[in-house]
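Peer 1: my questions concern the predicted model and sequence given below.
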Amino acid sequence: MLEEPQEDHGELYSHFLFHYGVLLRHGFFKYLFFMIVMCLYVCIIGANVLLIVVICVNRSLHEPMYLFLCSLFVNELYGSTGLFPFLLVQILSDIRTVSAPLCFLQIYSLHTYVCVEFINLAVMSYDRYLAICYPLQYNTRMTSKKVSMLITMTWLLPFIAIWILISLSLSLQLCGNIINKVYCDNYSIVKLACSDTTVNNVYGLIFTFFMIMFPVSLIMYSYMRILRVCFSGCKQSRQKALSTCTPHLASLINFSFGAFFEVSQSRFNMSGVPNMLRIFLSLYALTCQPLFSPMMYGLNMSKIYILCKNLLLAGLQKEDP
């Protein structure tokens, strides 16, 4: 029997209980869902590690665009590792609870993953903007020092911002421990608070603007300028520009769709949406994006595709007697 949530008020519970997690553990579907999630996780690891290795070992790919891509693939591994092992254990386990430290660790990893993803995509759009709109000045503007600085900021800023976010949540007094999700997120913890959450809400708005809305606005501005240059140039330059920008835009749209639903689910009443559909859509950005990104870039960028193909063929030839 599961213990009911404690009646004491004004404390940080030692464990949190997942409400929707039980829907994933019914008979045959429990093992089917486990196999699907496990296969997806293995594919994510394989695809992202392959592209990271290809970029790192080939000097021809040691260019800003590919280094930013490498940072993106590392983030996909980081984000999926923050979710999948936890989710796989939850599926097979009969216990629907998670300890508070592990819950906050997952919040930290998943929130930093989302922020790094948006900022990394913004940096990539800025790189494409310089390459297409200022091709003659690109090498002087996008130096190796600037690339290192941009990658460092991409990772450092979210880690600091989320640390502050978690610190504010840890100071709250909670009046419950039930999370209506299959994983931990910060807003679910804030909604359980019986103390004043004004500081959390204000910081949350500032955080959302600088870590999500500002990068998305920068991306949209960059691509508006890129499209303007493309359609005013010759057909060949237009096709070349679109071929490099299409994966970036597709990746942004895919991730933004999942993130938008997750924000909507947290802020609005979604009781009219079936529970299983709600679970699928809440997991969409965290499960599909880590596989979608390497597939889009690996298949659409010819240099990466050719090198990956050669690497895989070389590996198969070595296995043949």
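Peer 2: Cool, got the structure.
Peer 1: C-alpha coordinates for stretch 294-312, CSV please?
Peer 2: Extracted as CSV, the C-alpha positions of stretch 294-312 are listed here (Å, rounded to 0.1, in the frame of the first residue of the first chain):
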residue,chain,number,x,y,z
PRO,A,294,21.2,14.2,-35.0
MET,A,295,18.9,12.7,-37.7
MET,A,296,18.2,16.1,-39.2
TYR,A,297,21.8,17.3,-39.2
GLY,A,298,23.3,13.9,-40.1
LEU,A,299,21.1,13.4,-43.1
ASN,A,300,20.8,17.0,-44.4
MET,A,301,24.4,18.2,-44.1
SER,A,302,26.4,16.5,-46.8
LYS,A,303,29.9,16.7,-45.1
ILE,A,304,28.6,15.0,-41.9
TYR,A,305,26.5,12.5,-43.9
ILE,A,306,29.5,11.4,-46.0
LEU,A,307,31.9,11.1,-43.1
CYS,A,308,29.3,9.1,-41.0
LYS,A,309,28.7,6.8,-44.0
ASN,A,310,32.4,6.2,-44.5
LEU,A,311,32.9,5.6,-40.8
LEU,A,312,30.1,3.0,-40.6
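Peer 1: got the buried residues for that stretch?
Peer 2: Residues P294, M296, Y297, G298, M301, I304, L307, C308 are the ones in stretch 294-312 that count as buried (16 or more other Cβ atoms under 10 Å). The C-beta positions use only the backbone N, C-alpha and C, and glycine is treated the same way.
Peer 1: go through those residues and name the one nearest Q137.
Peer 2: Proximity of the buried residues of stretch 294-312 to Q137 (Cβ to Cβ) peaks at M301, which lies at 23.2 Å.
Peer 1: and the closest residue to that closest one other than its chain neighbours, helix, strand or coil?
Peer 2: Counting by Cβ to Cβ, 6 or more residues apart in numbering, M301 lies nearest to P247, which is 6.7 Å off, once chain neighbours are set aside. At P247 the chain is in helix, as set by DSSP: H, G, I helix; E, B strand; the rest coil.
Peer 1: tell me the contacts of P247?
Peer 2: Residues near P247 by Cβ atoms under 8 Å, 6 or more residues apart in numbering: M296, Y297, N300, M301.
Peer 1: tell me the least confident of those?
Peer 2: Least confident of these in the model: N300, at 73.
Peer 1: for Q265, see how far away that residue is.
Peer 2: According to Cβ to Cβ, to the nearest Å, N300 and Q265 sit 31 Å apart.
Peer 1: swap in C43?
Peer 2: 26 Å.
Peer 1: again, but for P135
Peer 2: 43 Å.
Peer 1: who's more crowded, these two?
Peer 2: Q265 (18 against 11; other Cβ atoms under 10 Å).
Peer 1: give me the element the more buried one is part of.
Peer 2: For Q265, the element it lies in under DSSP states H and E is helix 235-267.
Peer 1: which residues of the chain score low on pLDDT?
Peer 2: Within the chain, the segments meeting pLDDT under 70 span 1-14, 17-28, 94-95, 233-238, 240-241, 244, 266-273, 314-321.
Peer 1: how far away is the residue nearest to the spatial centre of it from L168?
Peer 2: Centroid-nearest residue in the chain, with Cα atoms, centre = their mean: V114, separated by 4.1 Å. From V114 across to L168, the span is 18 Å (Cβ to Cβ).
Peer 1: then A122?
Peer 2: 25 Å.
Peer 1: again, but for Y203
Peer 2: In this view, Y203 and L168 are 6 Å apart by Cβ to Cβ.
Peer 1: more crowded one of those two?
Peer 2: The residue with more neighbours, out of Y203 and L168, is L168; 19 against 16, by other Cβ under 10 Å.
Peer 1: my guess is that one meets V199, correct?
Peer 2: Yes: assessed by Cβ atoms under 8 Å, L168 is found in contact with V199 at 6.1 Å.
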